[in-house]
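1. Test case, fold it:
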Amino acid sequence: MKLTKSLLLGSVVGLVAVGGARAADLPVKAKPVEYVKICSLYGAGFFYIPGTDTCIKLGGYLRVDLALNTNSDYNGQFTSANGARNRLTNYYTMRAREDLNIDTRTASEYGVIRTFFDGVFSWTTGNYSGSGSSTGSTVYSGNLGLNTSGTTASLVGSSVNGTDGNTSAGSLGVYYAFIQFAGFTMGKAVSQFDAPWTNYPGNNYDGLVGGSGTVTGVTQLAYTADFGQGVTAALSVEDATAYYQAGNINMSGASSAGILGGSYGSNDTGGSRSPNLTAMVRVDQAWGLFQASVAAHDNHVAYYGATETTGHPDDKWGWAIQLALSIKNIPTGPGDVINISGVYTDGATRYNFQNLAGSSYSMFGSSSSAYGSIGFASAPDTVFVTGSQQETVKTWGFRGAYTHNWNPSWNTALYGAYAQAQYGTLAKTTICGANGNGGVFGSLAGVTGCNPDFAIGQLGIITRWTPVKNLTFSADLAWTHLDQKYSGTVNASAFGVQGKPAATYELKDQDTLTLLLRAQRNW
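-> Got it, this is the predicted structure:
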């Protein structure tokens, strides 16, 4: 009996112990799931990041382009193999691109704190250019790939097998990456100098002259003040190196072959000493907007020669001014708009011949009196010769567009641009001589007119169809005319990689057409 009681007591104690252990292992009551919540403070598409008071919005687009009659997705046949317009020139270029942007916003006692990032992943057709070999071999360039450091690296292949050997390659780009806080913008954003439509008063074509256009952003520190009633003003310092250096050219190195290639000497731009200084005033109203912008650009040259002892010209500041006007609610129809802008530069060429348009031209064509024809031009920021100071290149131009909405699904825009570059006495004397019949180029046999001044004229038309929301198909036809001031003929040496032979070429104006077909899905 005693043994039975002991066994029963032991069993009870064991059960209590096991029950207590199991009770201790029971999970604590779970915290409620924090579902994603809509954030209505900053417009459609924002939601709260779980566990924070920060709102985030994801966006972007997928775009497919087919550009006809160009080696470039965004430009005409202006230089190199593209300008040669022979068997090395692409009849078409194709591109597929995915854009991703991330917008975050948080309310604070200083106002909204915002960050914005916009990156692109692209695949673009490359092109072949001559290697200079006597056997006529070519080299493929394009389809950039990522290396292990995260930067882009060129993949160059042989024309033997006709491929670049890397079917998964592409390119990665960063358009915008900036913080906005208490009126300040810090990072890579559209320049405060630019018109709100940057390069696009009504077009898809990227290569319009006649104004500024940092469509992929420029690193800056800016402050914007809002005075109410639609009036704002901004001051900024902006990185000059990536998008605003048109060149500081030492013309002591000029040669006739280089001039025919659109280069008037050796670029001698030195290290960065000062960012560009920019100011802007803008008025937004129901009828449209008006904006005035000014910018200052430091032209800093390295040395006349290879070493410090050769000396250098002093720095010279260039400047630019731009006026932009947008007119809405015009009588031709709802949503119709006119956008126009005009610019003048002195030693700050990229504010007119913007980065995607370029400022050098070497275009070939046909001729009834010679082997072929050529038109060439260049617009740097400044020029000089060894021992001299810098001389600025002056430019002026304008661009604009009228967009008409036929109905909610169809619209058409007519657009155009014009830019002119004017050289000073030093440049004209060096290239053409004092009377236009001397210098590096004007003294060549057959040259009857010599003047480095030139103009670019552009006209285009684009039609867009949006069958469903955020899906648009477009066709954009752009014509560019190079109005150069040289005349006569020139007996040119071989052009090497462009495949052009040593022959007699007529000096005359050139034209090029580009058709850009695009499908784009925004999300």
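2. where's residue 362, which helix or strand?
-> strand 360-365 (DSSP states H and E).
3. So what's the residue count around residue 516?
-> Residue 516 has 25 neighbours, counted by other Cβ atoms under 10 Å. Just so you know, the C-beta spots here come from the backbone N, C-alpha and C atoms, and that holds for glycine as well.
4. now do residue 63
-> The tally of other residues near residue 63 (other Cβ under 10 Å) stands at 19.
5. Neighbouring strands of the strand or helix carrying it in the sheet, and parallel or not?
-> Secondary structure from DSSP H and E places residue 63 in strand 55-68. Strand 55-68 has the following strand partners under DSSP bridges: strand 47-48 (antiparallel), strand 92-108 (antiparallel), strand 510-522 (antiparallel).
6. Can you pull up the most central residue in this protein?
-> Residue closest to the mean C-alpha point of the chain, counted by Cα atoms, centre = their mean, is residue 356 at 4.6 Å.
7. Against residue 267, how distant is it?
-> Residue 356 sits 19 Å away from residue 267, going by Cβ to Cβ, to the nearest Å.
8. all strands of the stretch 301-450 of the chain, in order?
-> Using DSSP state E, counting those that start in this stretch, the strands of the stretch 301-450 of the chain run over residues 316-327, 337-346, 360-365, 372-378, 382-384, 391-392, 394-407, 410-422, 447-449.
9. Name the surrounding residues that touch the fifth one.
-> When contacts are taken as Cβ atoms under 8 Å, 6 or more residues apart in numbering, the neighbours of strand 382-384 outside the stretch itself are 248-251, 264-265, 299, 301, 313, 316, 318, 347, 390-393, 423-424, 426-427, 430.
10. Quick check: phi and psi at residue 386.
-> phi -60, psi 120 (degrees, to the nearest 10).
11. List the contacts of it.
-> Residue 386 sits in contact with 250, 252, 304-305, 310, where contact means Cβ under 8 Å, 6+ apart.
12. now swap in residue 133 and tell me
-> By Cβ under 8 Å, 6+ apart, the contact set of residue 133 is empty.
13. Please report the distance of the closest residue to residue 377 other than its chain neighbours from residue 68.
-> Nearest non-adjacent residue to residue 377, counting by Cβ to Cβ, 6 or more residues apart in numbering: residue 454, 3.9 Å away. Distance of residue 454 to residue 68, computed by Cβ to Cβ: 26 Å.
14. quick revisit: please produce JSON lines containing the strands paired with strand 55-68, extended by distance to residue 136 and mean pLDDT.
-> Formatted as JSON lines, the strands paired with strand 55-68 follow (distance: least, Cβ to Cβ, whole Å; pLDDT from 0 to 100):
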{"stretch": "strand 47-48", "distance to residue 136": "59", "mean pLDDT": "96"}
{"stretch": "strand 92-108", "distance to residue 136": "23", "mean pLDDT": "96"}
{"stretch": "strand 510-522", "distance to residue 136": "25", "mean pLDDT": "97"}
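15. Make a markdown table from those and add distance to residue 447 to it.
-> Shown next, in a markdown table, are these (distance: least, Cβ to Cβ, whole Å):
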| stretch | distance to residue 447 |
| --- | --- |
| strand 47-48 | 67 |
| strand 92-108 | 35 |
| strand 510-522 | 17 |
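16. Next up, phi/psi of the closest residue to residue 436 other than its chain neighbours, please.
-> Spatially, and ignoring its direct neighbours in sequence, residue 436 is nearest to residue 450 (4.9 Å; Cβ to Cβ, 6+ apart). When quoted as degrees, to the nearest 10, the phi and psi of residue 450 stand at phi -140, psi 120.
17. What is the end-to-end distance of stretch 418-432?
-> Distances were taken as Cα to Cα, to the nearest Å; on that basis the terminal residues of stretch 418-432 are 25 Å apart.
18. ok, which stretches of the stretch 151-300 of the chain are helices?
-> 256-260 (DSSP state H, counting those that start in this stretch).
19. shaky segments in it?
-> 151-168 (pLDDT under 70).
20. let's go with 90 and repeat that
-> Residues of the stretch 151-300 of the chain meeting the criterion pLDDT under 90: 151-171, 242, 253, 257, 261.
21. per-residue confidence for residue 435?
-> Residue 435 is assigned a predicted lDDT (pLDDT) of 86.
22. in stretch 169-179, what's buried?
-> Neighbour-count burial for stretch 169-179 flags 169-171, 175-178 (criterion: 16 or more other Cβ atoms under 10 Å).
23. Throw the residues you listed into a markdown table and include distance to residue 461, thanks.
-> As requested, the buried residues of stretch 169-179 are exported to a markdown table (distance: Cβ to Cβ, whole Å):
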| residue | distance to residue 461 |
| --- | --- |
| 169 | 35 |
| 170 | 31 |
| 171 | 30 |
| 175 | 27 |
| 176 | 29 |
| 177 | 35 |
| 178 | 34 |
